[in-house]
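Asks: Provide a 3D model corresponding to the input given below.
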Amino acid sequence: MPRIFLLLLACAHLLLPALAHAEEPLRVGSKRFTESYILGEILTQAAAKAGPAEHKQGLGNTAIVLSALRSGAIDVYPEYLGTIGLEILKDPQAGTLEQMRAGLRALGLGVAVPLGFSNGYALATRGDAGIERLSQLAARPDWKIGLSHEFLGRGDGWPGLARRYGLPQQPRGLDHGIAYEALLRHQVDAIDIYSTDAKIHQYGLRVLADDKDYFPRYDAVLLYRLDLPQRLPKAWQALTALEGTIAADDMIAMNAEAELDKKHFAAIARAWLSCRVDGSAVHASGARVHCATNAATAMPTLPGRVDGTAVHPAVDGLWTKTFGNGFGPLARQHLLLVALAVLLGCAAGIPLGIVAALVPRLRQAVLALAGVLQTVPSLALLAMLIPLLGRIGTVPALVALCAYALLPIVRNTCTGLLQVPKGLRTAALALGMTRAQALRHVELPLAAPVILAGIKTAAVMSVGTATIAAFIGAGGFGERITTGLALNDNDMMLAGAIPAALLALLTQAGFEAVERLLARRRGA
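Replies: Model prediction:
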């Protein structure tokens, strides 16, 4: 025994220094639209040459990814000057980098590394719509306008635009990924677009001139935590080397490769970086990125990159997209989220249901609390949990899923206990059992089928609700759905929805099998 102990001490002595000096990864974030996915991959792969790096992709809108940055869940993400000034700092006067740096310093954040292109907001119509300027929209009060949900509420979005131009329309929310199709099908007459969107030229759209100069400049930059350059100097040096390297035409071409050619985000980033690595010039031809020399060269997988379960659009068919393309890791993530959420829901919900059943004066309050949690919109709950918990990923997703699982478990536990005949409880007490023993050995076993039905409902609901976890980097089949929405790729959305639906059916069947087994045992 002493020899084993000494051997363990020796191993610890050798391993601890290595662990202590193990470099933490650079964590790159991105929002849920094509260009942000691509830029996130470029940053991640560039930094991976200097050390480990990982990409927390598609974290949602500005509010969610900013919360992740401030909490330390990510270190850096690509952002735009107009968004920083008007949406983050709420300061229309913050027009220069120095002014923004002064405002961001109080948040523990910094802005640097202009990437070389600007991607501004604009409104676009069909080419035959008959108007060319935003001011002409005021004379079209009957027009249907579809805007992304973020643009509807942004400080530099629709409210200010409508005031500046006196626009009478009442726009409706429309996901950016499907807005172009809605416009072409005449379901809406105008949409908000990004100036580097590849589909502008493909669909022959007319970008309305901002003749009253409402929109600010949206130069692409890096928004980062102030401690990043000191904490990961090599990774930061690799990121600063990207300054001024991405031209607007190159960004449009990369967006086209993702949205029109359905290429992987990671592959697009590798191709662009490979042009820089081998010394070739990068230029756009038509709607595609090319290297001036050695165009076929592909950059090898970079050491230290933590790809995890990154999911990107593929040219393959629906079958390959569904059951290939990282299916195993995504399935494990999804199953883990559902299983842990249901277990946590049982750990909290069954005791609450017992309290509701045994203490009548608290019954309505307990059931009302569980019901209120069920009504909170999922994305709003996630956005609130990120700053409260100080992290993104699995933890806030589990808290949200547990909250949604509570109601059926609490309600069925309470109902099952109330359905136990009072005579059986009285008989148990008369036989010398304590109240706790009667509850444990008589009432809960009799209420078990009803309680199990509530757990089954919670589990099936959680399978579907767990897809929202992808919005905060927790993985699961929702990653495919969010990527499909960003690219208007129906196959990719189905590749996420079909496995989730199959998992829900398997969960339902599994619980029904358990219920039949318990029924046979009771009958025996």
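
Asks: excluding sequence neighbours, find me the nearest residue to Ala470.
Replies: Gly478 (3.2 Å; CB to CB, 6 or more residues apart in numbering). Every residue, glycine included, has its C-beta placed from N, CA and C.

Asks: isn't that neighbour up against Ala469?
Replies: Yes. Applying CB atoms under 8 Å, one finds Gly478 in contact with Ala469, separated by 5.7 Å.

Asks: report the contact partners of the residue nearest to Ala470.
Replies: Ala466, Thr467, Ile468, Ala469, Ala470, Phe471, Gly496, Ala500 (CB atoms under 8 Å, 6 or more residues apart in numbering).

Asks: report the two of those residues separated the most.
Replies: Pairwise distances across those (CB to CB) peak at 14.6 Å, for the pair Phe471 and Ala500.

Asks: rewinding a little: ok, so of the contacts of Gly478, who is nearest Thr96?
Replies: Phe471 (32.6 Å).

Asks: count the neighbours of the residue nearest to the closest one when sequence neighbours are not counted for me.
Replies: The shortest distance from Phe471 to any non-neighbouring residue, by CB to CB, 6+ apart, is to Gly60 (4.4 Å). Neighbour count for Gly60, taken as other CB atoms under 10 Å: 25.

Asks: name the element Gly60 belongs to?
Replies: Per DSSP states H and E, Gly60 falls between elements, in no helix or strand.

Asks: same check, this time on Leu115
Replies: Applying DSSP H and E, one finds Leu115 in no helix or strand.

Asks: so, low pLDDT: which residues of the stretch 151-300 of the chain?
Replies: Across the stretch 151-300 of the chain, the ranges flagged by pLDDT under 70 are 277-300.

Asks: strands of the stretch 201-350 of the chain, start to end?
Replies: Counting by DSSP state E, counting those that start in this stretch, the stretch 201-350 of the chain has strands at residues 206-207, 220-225, 282-285, 288-291, 305-306.

Asks: next: the chain.
Replies: Using DSSP state E, the strands found in the chain span residues 26-29, 53-56, 76-80, 109-112, 121-125, 145-147, 172-173, 190-194, 206-207, 220-225, 282-285, 288-291, 305-306.

Asks: from the chain's centroid, how far away is the first one?
Replies: Meaning strand 26-29. 14 Å (CA atoms, centre = their mean, to the nearest Å).

Asks: helices and strands around it, which ones?
Replies: helix 34-47, strand 53-56, helix 62-71, strand 76-80 (3 or more CB pairs under 8 Å, 6 or more residues apart in numbering; DSSP states H and E).

Asks: next: the longest one.
Replies: If you count contacts as 3+ CB pairs under 8 Å, 6+ apart, strand 220-225 packs onto helix 62-71, strand 76-80, strand 109-112.

Asks: how close does the residue lying closest to Leu418 once chain neighbours are set aside get to Leu373?
Replies: Excluding its sequence neighbours, the residue lying closest to Leu418 (CB to CB, 6+ apart) is Ala357, at 5.5 Å. Distance of Ala357 to Leu373, computed by CB to CB, to the nearest Å: 19 Å.

Asks: burial count for the nearest residue to Arg154 once chain neighbours are set aside?
Replies: The shortest distance from Arg154 to any residue other than its chain neighbours is 5.4 Å, reached at Glu87 (CB to CB, 6+ apart). Glu87 is flanked by 20 other residues according to other CB under 10 Å.

Asks: residues touching Glu87, list them.
Replies: Contact analysis of Glu87 by CB under 8 Å, 6+ apart lists Thr62, Arg154, Gly155, Asp156.

Asks: how near is the third one to Tyr121?
Replies: So that's Gly155. 12 Å.

Asks: neighbours around the nearest residue to Gly166 once chain neighbours are set aside, how many?
Replies: Excluding the flanking residues, the one nearest Gly166 by CB to CB, 6+ apart is Ala138, at 5.0 Å. For Ala138, the tally of surrounding residues (other CB under 10 Å) stands at 13.

Asks: and the most centrally placed residue in the chain, what does it touch?
Replies: In the chain, the centroid-proximal residue (CA atoms, centre = their mean) is Phe471; its distance is 1.5 Å. Phe471 makes contact with Arg32, Gly58, Leu59, Gly60, Ile64, Leu379, Leu382, Gly478, Thr482, according to CB under 8 Å, 6+ apart.

Asks: now Leu318
Replies: Asp491, Leu494, Ala495.

Asks: before we move on, back to that, more crowded one of Gly155 and Tyr121?
Replies: Tyr121 (23 against 16).

Asks: TSV for the strands of the chain, including distance to His334?
Replies: Below are these laid out as TSV (distance: least, CB to CB, whole Å):
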stretch	distance to His334
strand 26-29	21
strand 53-56	17
strand 76-80	25
strand 109-112	33
strand 121-125	35
strand 145-147	31
strand 172-173	27
strand 190-194	31
strand 206-207	40
strand 220-225	30
strand 282-285	38
strand 288-291	34
strand 305-306	19
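
Asks: most tightly surrounded among these?
Replies: strand 26-29 (a mean of 28; mean count of other CB atoms under 10 Å).

Asks: what mean pLDDT does it get?
Replies: Per-residue pLDDT values across strand 26-29 average out to 95.

Asks: list the contacts of it.
Replies: In contact with strand 26-29 (CB under 8 Å, 6+ apart) are residues 40, 43-44, 47, 51-57, 59, 65, 68-69, 73-77, 228, 232, 235, 473.

Asks: please apply the same query to stretch 391-398.
Replies: Counting by CB under 8 Å, 6+ apart, 56, 59, 64, 67-68, 71-74, 336-337, 340-341, 344, 382, 385-386, 389, 466, 468-469, 472-475 sit against stretch 391-398.

Asks: still on that earlier bit, between the contacts of Leu318, which is nearest Thr322?
Replies: Closest approach between the contacts of Leu318 and Thr322, by CB to CB: Ala495, at 4.4 Å.

Asks: how many other residues sit next to the closest residue to that closest one other than its chain neighbours?
Replies: Nearest residue to Ala495, sequence neighbours excluded (CB to CB, 6+ apart): Lys321, at 4.0 Å. Using other CB under 10 Å, Lys321 has 25 other residues around it.

Asks: and the longest helix anywhere in the chain, what does it pack onto?
Replies: Longest helix in the chain, counting residues (DSSP state H): helix 490-523. Counting contacts by 3+ CB pairs under 8 Å, 6+ apart, helix 490-523 packs against helix 318-323, helix 327-358, helix 444-465, helix 478-487.

Asks: sorry, back to before: could you dump the contacts of Gly478 to JSON lines with pLDDT?
Replies: Formatted as JSON lines, the contacts of Gly478 follow (pLDDT from 0 to 100):
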{"residue": "Ala466", "pLDDT": "90"}
{"residue": "Thr467", "pLDDT": "89"}
{"residue": "Ile468", "pLDDT": "84"}
{"residue": "Ala469", "pLDDT": "83"}
{"residue": "Ala470", "pLDDT": "81"}
{"residue": "Phe471", "pLDDT": "75"}
{"residue": "Gly496", "pLDDT": "88"}
{"residue": "Ala500", "pLDDT": "91"}
